[in-house]
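> only geometry, no sequence info:
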């Protein structure tokens with residue numbers, strides 16, 4: 001069951017990220033799709049801050065480090081930016097499989113994962129909206145766990 005929401009601005013993206021963070025479970029894999037400047041990093045930053053319960057949590061982009069790890073309570077979050085990778089095997093050097101089992105994995109540029117993409121994941125496609133700041137966000141669950149959680153989301157996203 002796919003869900004689509006139209007967001008007026010970055011505040012809406014942040015609210016959606018915070019709502020999804022309330023459902024976080026160890027082993028969650030969230031794949032963020034969208035061109036440069038669509039708000040993938042803003043989504044991740046808001047998700048991590050919501051899960052940390054700290055709106056001032058420092059959340060640098062992993063563009064150059066490729067991964068940032070947040071040891072949060074109740075569970076860790078691994079934020080990956082795979083833009084600079086060219087082969088799925090390179091992700092193994094980042095211990096990505098550990099994150100898939102024990103943490104929430106937020107992955108920008110997930111097409112670089114190729115065959116290593118876990119079966120159970122949530123695809124989030126961020127596309128331009130009708131205005132410069134607006135976005136259309138499509139949530140596509142793969143696997144029973146994400147299907148059930150999205151079905152339980154009450155009200156508008």
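Received the coordinates, thanks. None of these values were measured; they are calculated from a predicted model. Numbers count the residues shown, from 1 in each chain.

> What is the end-to-end distance of stretch 72-91?
Chord length of stretch 72-91, first to last residue, is 22 Å (Cα to Cα, to the nearest Å).

> For that stretch, which outside residues touch it?
24-26, 41, 44, 47-48, 51-52, 59, 61-63, 66-70, 94, 96, 99, 102-110, 112-116 (Cβ atoms under 8 Å, 6 or more residues apart in numbering). Placement of C-beta: from N, CA and C, glycine included.

> Which among these count as buried?
Applying 16 or more other Cβ atoms under 10 Å to those, the neighbour count classes 24, 41, 44, 47-48, 51-52, 59, 62, 66-70, 94, 96, 99, 103-110, 112-113 as buried.

> Give me the subset of those that lies in strands.
67, 68, 69, 70, 104, 105, 106, 107, 108 (DSSP state E).

> what's near enough to touch the residue nearest to residue 119 when sequence neighbours are not counted?
Closest residue to residue 119 apart from its sequence neighbours, by Cβ to Cβ, 6 or more residues apart in numbering: residue 143 at 5.8 Å. Applying Cβ under 8 Å, 6+ apart, one finds that residue 143 lies in contact with 119, 120, 121.

> Got the phi and psi for residue 143?
Residue 143 has phi and psi values of phi 110, psi 150 when expressed as degrees, to the nearest 10.

> try residue 137
phi -120, psi 120.

> wait, isn't it in contact with residue 4?
Yes: Residue 137 lies in contact with residue 4 (Cβ atoms under 8 Å); the separation is 7.0 Å.

> Residue 16 and residue 6 touch, don't they?
No: in this structure residue 16 lies outside contact range of residue 6 using Cβ under 8 Å: 10.9 Å.

> Pick out whichever of these two has more residues nearby.
residue 16 (21 against 13; other Cβ atoms under 10 Å).

> can you give me the angle the helix or strand in which the more buried one is found makes with strand 104-108?
Under the criterion of DSSP states H and E, residue 16 resides in helix 10-21. Inter-element angle recorded for helix 10-21 and strand 104-108: 150 degrees (by axes from the mean of the first three to the mean of the last three Cα atoms, to 10 degrees).
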